[in-house]
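K.L.:
please work out how this folds:
(chains A, B, C and D)
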Protein chains: 4
Amino acid sequence: MNFASDNIVGASAPVLQAIVQANAGAMAAYGNDEISRRVRARFSEIFEREVSVFFATTGTAANALALSSAVPPYGLCVCHREAHIIDDECGAPEFFMHGAKLAGLPGVGAKLRAEDVAAYVKSLPKAVKQMPPKALSISQVSEGGLVYSLDELAALGQVCREHGLSFHMDGARFANALVALGCTPAEMTWKQGVDILSFGATKNGGLMAEAIVVFKKDLAEALDYRSKRAGQIISKGRLIAAQFEGYFAEDHWLANARHANRMAKLLSDGLLQVPGVRLAWPTEANEVFPIIPQALDQALKAAGILYSPWTELSLPEAERVGENEALIRLVASWATKEEDVRKLLEIASSGVSRQAAE
Amino acid sequence: MNFASDNIVGASAPVLQAIVQANAGAMAAYGNDEISRRVRARFSEIFEREVSVFFATTGTAANALALSSAVPPYGLCVCHREAHIIDDECGAPEFFMHGAKLAGLPGVGAKLRAEDVAAYVKSLPKAVKQMPPKALSISQVSEGGLVYSLDELAALGQVCREHGLSFHMDGARFANALVALGCTPAEMTWKQGVDILSFGATKNGGLMAEAIVVFKKDLAEALDYRSKRAGQIISKGRLIAAQFEGYFAEDHWLANARHANRMAKLLSDGLLQVPGVRLAWPTEANEVFPIIPQALDQALKAAGILYSPWTELSLPEAERVGENEALIRLVASWATKEEDVRKLLEIASSGVSRQAAE
Amino acid sequence: MNFASDNIVGASAPVLQAIVQANAGAMAAYGNDEISRRVRARFSEIFEREVSVFFATTGTAANALALSSAVPPYGLCVCHREAHIIDDECGAPEFFMHGAKLAGLPGVGAKLRAEDVAAYVKSLPKAVKQMPPKALSISQVSEGGLVYSLDELAALGQVCREHGLSFHMDGARFANALVALGCTPAEMTWKQGVDILSFGATKNGGLMAEAIVVFKKDLAEALDYRSKRAGQIISKGRLIAAQFEGYFAEDHWLANARHANRMAKLLSDGLLQVPGVRLAWPTEANEVFPIIPQALDQALKAAGILYSPWTELSLPEAERVGENEALIRLVASWATKEEDVRKLLEIASSGVSRQAAE
Amino acid sequence: MNFASDNIVGASAPVLQAIVQANAGAMAAYGNDEISRRVRARFSEIFEREVSVFFATTGTAANALALSSAVPPYGLCVCHREAHIIDDECGAPEFFMHGAKLAGLPGVGAKLRAEDVAAYVKSLPKAVKQMPPKALSISQVSEGGLVYSLDELAALGQVCREHGLSFHMDGARFANALVALGCTPAEMTWKQGVDILSFGATKNGGLMAEAIVVFKKDLAEALDYRSKRAGQIISKGRLIAAQFEGYFAEDHWLANARHANRMAKLLSDGLLQVPGVRLAWPTEANEVFPIIPQALDQALKAAGILYSPWTELSLPEAERVGENEALIRLVASWATKEEDVRKLLEIASSGVSRQAAE
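P.N.:
Below is the predicted model of the structure:
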């Protein structure tokens, strides 16, 4: 039973099928093929407006490329201090942005509050020694598994407009947030002021399918050159494009995300029944962040269940993890089986019971 | 009939099959899966020594990453003035090397001569204003379709050792060169002094399968960090690794390359029978560079045959392209059908006859 | 009366005189002149061992160049979160290091503790997503005006050795720290494990005189190339070299620093006599960081005295600045007049008296 | 007798005097002082329009900063293949431009012809693999000592406008070109389409005085940040500003340049009287490029005269340097003494006579 992440399984069947189908025949290279063209147009439909789309091979590259378009080398990009772009990409944003800096702010569950962003930006000295803020980057779903509401997004969008920041959304789990909010892709992005989006499909059924979706036209201007020089324009572009075709067909992506979120909810609700378990913050998409007794932590591990320990950095002061507790992350995906969730919960219940009996 | 390049078709059957098979089940992400481990070991077998292997999603990224490991930001990398890294990668090497410079030297058929490299390096002023030469990069097969012999490679390797240059080989068409020489991978690389290799499989049966193979240990030291920050470590690493598994199995890769080279030879020999056709330089791998009458050029295009015009920059002075001639490139691949080659030759013959008749 | 910084006056007389004298006659350009050579040798004498010396035109450039030599583009440099390199150089280190990251740790008075550095480095995940720590940079004098003792430096040096970090010292106020400790330049640097030093003279009598002094040989290897490509090798190198000659002659630099420190002590002691005034942390070199009543702040400003407000970020929790207080920084220099200090103290005393009377 | 370059002497008297005078008193740091302000205004007067001015410590930094403002990291900058920015700055432009590329074109005497620039730009493939051309950089005076006429500048400006290139002028010897043409600074720059200028004073009487003068407003937008992060904003800004004040006062700069050009003319005319001596190309400013008999070369060296050998790369095919000849460069400056020129000419005449006699 593997709850370590949502990237440990391959592609879902429709996506794999699309790759196989697209493999046949001669097509123009470097993304000039008909499938790539079709998919780009599909993105515009999905977002209810003309958008520019650039494919990428990793979420890291998508984020870093998007940021390089929004932030000049001498600029600052505001984000959460636990953002994926700060902690998990070995400096890719700094590389692609040519030395621009990420400024990490605090916030419960790795979510930023609009007022904190505004206060930070206002606090910066107006001096040449100070790198000027040029972009805001948030993760929707956040690194803590939380989902920004439309109002929260709108407030952040408003701060961006007021201070001349480009607004970037890291959508590695875009679909999970979307179905959590029950809104449209347009509502969750440009309608709230998002300018550029890393649209991830790999974690939700893709094999390797990422895209940068650009709403603010001038941010798209040089992205093809930037992408090429970053080695991101793959030779046989159909490989990525085909996956998106399979992903979008018959709302397959939404179904996948709904399943993942439902599994997480099941897990979350079940764990809360276990004595001594509480949540670091609510379960809003496909990730659960419970604080559990260390004995339970050991029991789960002993049962061979895979998951990650988590940092308490974004936990409110009042909720600190106790000495005999552990904060962990469990991730559900489109491929998570309900029976595995039930098994985990059973082990959790009995693990604690056993412990109580001892 | 498409002779435009060897990247216009999808994956060959065994490679596609390998992707499909590898798709099932949970595996560690980011290249820590068992298939990736297996394939890395396989590379060491193929090269008859321990090598470090880093997967990449494009040849551009493989080249640029390899060079970034060999050349510091203030250094110079010597290459042919028509090298792919200079002309076709939108500055990826300069980006990954943080501003290091490519110095392009002349040479017939885009091949470098050891004596020219040595003379150039010696000619550089020993002064702080001069970026110091740190690497040599060659393409095997060259951009002009020529194959360096083992002696030529050894001579270049010798120049590198004498002048403290790291020796990089762009092996986008590694297999085509290998079967052309009829030697082993070890003989064509580290045994002649090659330190780091971009090993391409995409053009020869892969869908997206590139690897950096490192022979000089210290060049491998930081490549995992460099690769991660370049967004090149894909989440589901099995996608690339599996392709190599299919590629190497039962010498599939060598069979593919042999077919492509044979098709090119057929094409080349046939074209030389056509009046007014000559070769810019010999056909040594899977590409043909004929100089043809413009009338023939028009006839081929009229027949819907796809191929590229080529530059005469690397043509010897005495062989300049005449006013009524065109220098073109025709590429054969593992998927090229013999009947298509024959059809092209037929059109070529009749095209010229018709013209003669007019 | 200007206590804003120690860079608001020109050069001291011996330094200016040295510039004028060096101006005459023809000399080799780009630092190949005899004065530059002489001064380089002088540095080796002063540091009691052979050192490599590279001149720079700003402290920003000296710091950034030094760091670029110690930290690869994918690496991490640990420093204080209020370090000059983080807050005051518009991203110069990130630019020169090609995107490497500065990791800022807390510490009272902008001083780092060895145990905090060790704990931080140990806490970093051993994973490719994590930029590996490659250097430690401290400021001696710290941004808060504190001086690391030899024992503290030794402890930091020990941490660096244990974790494979290069040890950089930003010595913008090197002389002030040196006379505060009463030790030799060697004792304050390489004898405690410092590998590379930004040696500043501009704030202590120079007009524009900075040098990078390298103790760890391999860090010097490419610094001439890095310096040239950063535009830091000035054409008429004698301009900088001559200043150092004037600076070092007859221990002029030490006399300047002693005066500045004495003026700061006078200021500090006097202010502590004023009711309601306390120190954020001790006065150890040429800067005073008092927390003063806001009324006094206004009185000083009204009297036309120039100085800077300061952040309370590095203040211990228990000492927070009260609502009616202000934390300020007063800087003394080689040019500060004792009568100005006395005048300021007089104003401070009477300012508070007046306020008490009202 | 030193004709090696125009940067081997210190500052001229009025410039040195200005430094000494500016040294006194307290002033705001980092270029916010009154002298810097005054000099910036003076530049606007001199160029007969509002310009933005950024001081720099080296011509290398001035060029690289100017280019970084005009060329994005994925762009191309067209220049002469012997340009100072290509050959003499250890990759500073590539560093400051974050990997953008310099494309070097041929041209006699290191001068570019408008039609060659236009043809080159048009020849570039319109494809994402091709870095797009974004700027043209010329040197006025050229590296070969030639001066672009106003018509030639206008033609280049026209090409820039047509192809969307920013137009940069490296004016390391701006004054020498100006007095050679006998026009105004405005006529030699923005009136012909120049957008951004490296204005050098160091070679013509300064000690270290360079400035970037920006005519196209948006190129100035971020130059203060770029300059700061490049370590180019010196702490005591008055040092550079004062030099310009002394430089401009009473047309001192023009007098210096006129003298240097006159000395070069004298040298050039005199050398042409010597049998066997010819000019590689005309002497138009303060540099002479004669092709001399090797015997004369030896005689001059034997007499202890310093100068540089030169490359024949930019010599017309018909004028190649013979086996017994040498192409050299002699540079005159504001400090060159007429008697030294006459002595050199005497030695040259007698050297050849002696040789003839042998």
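
K.L.:
contacting residues around the closest residue to chain C within the stretch 201-350 of chain A?
P.N.:
Taking CB to the nearest CB, chain C has its nearest neighbour within the stretch 201-350 of chain A at A:T311, 9.9 Å off. Placement of C-beta: from N, CA and C, glycine included. A:T311 is in contact with A:82, A:327, counting by CB atoms under 8 Å, 6 or more residues apart in numbering or on different chains.

K.L.:
show the model's pLDDT score for it.
P.N.:
Note for A:T311: predicted pLDDT of 93.

K.L.:
for the one 10 residues further on, same thing?
P.N.:
The pLDDT attached to A:V321 in the predicted structure is 95.

K.L.:
and what of A:E317?
P.N.:
Looking at A:E317, the pLDDT reads 85.

K.L.:
and it, how many residues sit next to it?
P.N.:
Using other CB atoms under 10 Å in any protein chain shown, the number of residues around A:E317 comes to 6.

K.L.:
tell me the gap between stretch A:291-305 and the middle of its chain.
P.N.:
Computed by CA atoms, centre = their mean, to the nearest Å, the chain-centroid distance of stretch A:291-305 equals 26 Å.

K.L.:
actually stretch A:104-124, not the one I wrote
P.N.:
Here stretch A:104-124 is found 19 Å from its chain centre; the criterion is CA atoms, centre = their mean.

K.L.:
dump that stretch to PDB, restricted to CA.
P.N.:
C-alpha atoms of stretch A:104-124 as PDB (Å, rounded to 0.1, in the frame of the first residue of the first chain):
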ATOM      1  CA  GLY A 104       9.100  32.700   1.100                       C
ATOM      2  CA  LEU A 105       6.300  33.800   3.400                       C
ATOM      3  CA  PRO A 106       4.700  31.800   6.200                       C
ATOM      4  CA  GLY A 107       1.100  30.600   6.200                       C
ATOM      5  CA  VAL A 108      -0.900  27.700   7.700                       C
ATOM      6  CA  GLY A 109      -1.000  24.600   5.500                       C
ATOM      7  CA  ALA A 110       1.400  26.200   3.000                       C
ATOM      8  CA  LYS A 111      -1.300  28.700   1.900                       C
ATOM      9  CA  LEU A 112      -0.600  32.400   1.500                       C
ATOM     10  CA  ARG A 113      -3.000  35.000   2.700                       C
ATOM     11  CA  ALA A 114      -3.600  38.000   0.500                       C
ATOM     12  CA  GLU A 115      -3.000  40.500   3.400                       C
ATOM     13  CA  ASP A 116       0.400  38.900   4.200                       C
ATOM     14  CA  VAL A 117       1.500  39.200   0.600                       C
ATOM     15  CA  ALA A 118       0.400  42.800   0.400                       C
ATOM     16  CA  ALA A 119       2.100  43.600   3.700                       C
ATOM     17  CA  TYR A 120       5.300  42.000   2.600                       C
ATOM     18  CA  VAL A 121       5.500  43.800  -0.700                       C
ATOM     19  CA  LYS A 122       4.700  47.100   1.000                       C
ATOM     20  CA  SER A 123       7.500  46.500   3.600                       C
ATOM     21  CA  LEU A 124      10.200  46.200   1.000                       C
END
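
K.L.:
and chain A, which residues reach chain D?
P.N.:
For chain A, the residues in contact with chain D (CB under 8 Å from any CB of the partner chain) are A:30, A:72-74, A:98-99, A:128-129, A:131-132, A:222, A:224-229, A:233.

K.L.:
helices - which of those residues land there?
P.N.:
A:224-229 (DSSP state H).

K.L.:
turn these into JSON lines, columns for distance to D:A249.
P.N.:
Converted to JSON lines, those look like this (distance: CB to CB, whole Å):
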{"residue": "A:D224", "distance to D:A249": "52"}
{"residue": "A:Y225", "distance to D:A249": "47"}
{"residue": "A:R226", "distance to D:A249": "48"}
{"residue": "A:S227", "distance to D:A249": "53"}
{"residue": "A:K228", "distance to D:A249": "52"}
{"residue": "A:R229", "distance to D:A249": "48"}
